[in-house]
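**Q** I would like the atomic coordinates for the input below:
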Amino acid sequence: MRKTTLALLASTLLVSACGTVRDSRINPMNWFGPARSVEAAPAESTNPLIPQRRGLFARRAVEAETYEGRPFEQITDLTIEPVPGGAILRATGLATRQGIYAVRLTPATVDELPVDGVLTYRLEGIRPDKATRQGSQPTREVIAGRRLTDEDLIGVREIRVQGQLNTLVSRR
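**A** Just a heads-up that it's a prediction; the model follows:
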């Protein structure tokens, strides 16, 4: 009974001492202190996460990417779906062979502005280097989309998507 009482008394004293350790510098939770607000550093023009120096294992300079897509043979469907803040232009194309990838709607003009109220796009894709099968029609169909804002649609009366053999037009 004496040993139990002595052990209980010793553990009580040990646990009561934890309160002082909690506030002392021995506790790693107190090493950095509470957070406080400071003034923000001036913004730099470069990203600090991207290294500026070059080395043996550094990536080579990223060259301007050129898109080498060619127009699709046939445009089968053109849909313009209104969404808040603009519209989504969706075009379906049909290729002569399977395997075309990186399909996109590229603007016919460099600045993507309408010419005489007509906004024109080409449905293009990159063809594989090797010969591919022709396949059935569903395996050769692709769909590409592009979001147009209300600012892009100012002054646009007609949207046109071109292919090699045909062009589909949607008017307002």
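**Q** now residue 165: how far from residue 114?
**A** 24 Å (C-beta to C-beta, to the nearest Å). C-beta here means a position set from N, CA and C on the backbone, and glycine is covered the same way.
**Q** More neighbours: those two, which one.
**A** Per other C-beta atoms under 10 Å, whichever of residue 165 and residue 114 has more neighbours is residue 114, with 18 against 11.
**Q** Quick check, pLDDT for that one.
**A** pLDDT, residue 114: 89.
**Q** Okay, buried residues for stretch 95-115 please.
**A** By neighbour count on 16 or more other C-beta atoms under 10 Å, the buried set for stretch 95-115 is 95, 99-100, 103, 105, 114.
**Q** Please identify which pair of those residues lies farthest apart.
**A** Farthest pair in those (C-beta to C-beta) is 99 and 114. Separation: 33.6 Å.
**Q** ok so, going back, will you turn the buried residues of stretch 95-115 into a markdown table that also has secondary structure?
**A** Compiled in a markdown table, the buried residues of stretch 95-115 are given as follows (DSSP: H, G, I helix; E, B strand; the rest coil):
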| residue | secondary structure |
| --- | --- |
| 95 | coil |
| 99 | coil |
| 100 | coil |
| 103 | strand |
| 105 | strand |
| 114 | coil |
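**Q** Closest one to residue 133 out of those, please.
**A** residue 99 (8.1 Å).
**Q** Return the residues in contact with the closest one.
**A** Contacts for residue 99 (C-beta atoms under 8 Å, 6 or more residues apart in numbering) come out as 127-128, 132.
**Q** rerun that using 10 Å as the cut-off
**A** The neighbours of residue 99, taking C-beta atoms under 10 Å, 6 or more residues apart in numbering as the test, are 125-133, 135, 139-140.
**Q** List only buried entries from those.
**A** With burial judged by 16+ other C-beta under 10 Å, the buried subset of the contacts of residue 99 is 125, 127, 140.
**Q** Could you measure from the second one over to residue 6?
**A** Distance from residue 127 to residue 6, counting by C-beta to C-beta: 88 Å.
**Q** Which residue, other than its chain neighbours, is closest to residue 162?
**A** residue 122 (5.0 Å; C-beta to C-beta, 6 or more residues apart in numbering).
**Q** How much space separates the one you found from residue 160?
**A** Applying C-beta to C-beta, the value for residue 122 to residue 160 is 10 Å.
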